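> Generate coordinates for the sequence data below:
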Amino acid sequence: MVPTPPLDAPPADLILDNAPCAYKLTDEQYNGARTDGPGGVGTTVAQRIAAHGWKVIKTEDGYYVPLNQPERGLIPLLLDTKGVEQLTDGERVYPTLTGRRNGPLTVSGFTCADDATINGPVTVRAGAALVATGTTISGPVSATGAAGILLADSTINGPVQIAKTTNAVSVIDVTIAGPVSLTGNTTGTDAPLLAGNTIRGPLNCTANNPAPTNLGVANTVHGPRTTQCAAL
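Residues are numbered from 1 along each chain as shown. Below is the predicted model of the structure:
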């Protein structure tokens, strides 16, 4: 006998078999005035996203909301064209880097790595963004002046240096075989997130505004934790 699906199960056409890496919004979608709230007054998409605490990366061509962050399951409900709330019709952005890549990688623009293996150093240019999920990087990762760096459920066999990021920094459930340094990142009201990581080296965080947080999920660090990350 075929079991009956629960009454609240989504219909087949609302299930994303090929989930995107992020949703891209135009400036009008993100900041535009809305009148769909009570009394004809509506908060902007930017305000709704800020209320949820989602990380957003602004680049030259729009606003990106990556899925590899807390509340992953809720993001499509608000931003996908088939979302239950359909706050706006965000553009689905799919991974641009999968499988194996041998050699150095220089990131410009918005790059999304998913289930990838990168054998070589990764450098993120100023104004660019790297979103990596389920990815193994054998080499150092360095970013100076990037728009955003979001790493999740990944392995990095080398040091990680993130400096002067302007929008979003998030490192969640990542195993890092080397030192980690966060320096001079200025991410507005969105604190850099370091949570649930295993770091086989020192962790140093200096001159970040605001200071990094772990949202109560401690990191395992096989080395000294200094300055702003001493309690993480």
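
> Residue nearest the middle of the chain, spatially speaking?
Most central in the chain under Cα atoms, centre = their mean is L150, positioned 3.5 Å from the mean C-alpha point.

> Mind pulling up the pLDDT for A19?
Reported pLDDT at A19 in the predicted model: 85.

> pretty sure it contacts L67?
Yes: taking Cβ atoms under 8 Å as the definition, A19 is a contact partner of L67 at 6.7 Å. The C-beta positions use only the backbone N, C-alpha and C, and glycine is treated the same way.

> Which one's more surrounded, those two?
Between A19 and L67, counting by other Cβ atoms under 10 Å, L67 is the more crowded of the two (24 against 14).

> OK, contacts around that one?
A19, P20, C21, A22, Y23, I75, P76, T133 (Cβ atoms under 8 Å, 6 or more residues apart in numbering).

> Give the burial count for T187, as a bare number.
Neighbours of T187 (other Cβ under 10 Å): 20.

> Repeat that for the one 10 residues further on.
Residues lying near N197 (other Cβ under 10 Å) number 25.

> so it sits right up against A177, yeah?
No: here N197 does not reach A177: they are 11.6 Å apart, not a contact under Cβ under 8 Å.

> coming back round to it: ok, so of the contacts of L67, who is nearest P140?
Nearest to P140 among the contacts of L67: T133, at 19.4 Å, using Cβ to Cβ.

> Grab the nearest non-local neighbour of the closest one.
N68 (4.3 Å; Cβ to Cβ, 6 or more residues apart in numbering).

> Wait, a helix at the one you found?
No: counting by DSSP: H, G, I helix; E, B strand; the rest coil, N68 falls outside a helix, being coil.

> Number the chain from 214, please
Happy to do that; since the first residue is 214 now, the last one works out to N281.

> domains of this protein?
232-306, 310-440 (automatic domain parsing).

> Any of the contacts of L280 buried? List them.
P233, C234, A235, Y236, I288, P289, T346 (16 or more other Cβ atoms under 10 Å).

> who does the strand ranked longest in the chain pair up with?
Assignment by DSSP state E gives strand 323-332 as the longest strand of the chain. The pairing partners recorded for strand 323-332 under DSSP bridges are strand 310-315 (parallel), strand 342-346 (parallel), strand 349-351 (parallel).

> buried sites along that strand?
Going by neighbour count (16+ other Cβ under 10 Å), the buried part of strand 323-332 is F323, T324, C325, A326, D327, A329, I331.

> rewinding a little: of the domains of the chain, which stretch is the most buried?
Burial of the domains of the chain is given as mean neighbour count (mean count of other Cβ atoms under 10 Å); domain 310-440 ranks first at a mean of 19.

> which ones are touching N370?
So N370 contacts T349, I350, S351, G352, A390, G391 (Cβ under 8 Å, 6+ apart).

> Show me the beta-bridge partners of the residue nearest to the centre of the chain.
V344, S383.

> what bits of the chain have low per-residue confidence?
214-230, 250-254 (pLDDT under 70).

> One more pass at 80, please.
For the chain, the stretches with pLDDT under 80 are 214-231, 247-255, 297-299.

> Phi first, then psi, for V297.
Torsion angles at V297 (phi, psi; degrees, to the nearest 10) stand at phi -60, psi -50.

> now it, nearest residue through space, not along the chain?
Sequence neighbours aside, L290 is the residue nearest to V297 in space, at 5.0 Å (criterion: Cβ to Cβ, 6+ apart).

> Distance of G397 relative to R247?
35 Å (Cβ to Cβ, to the nearest Å).
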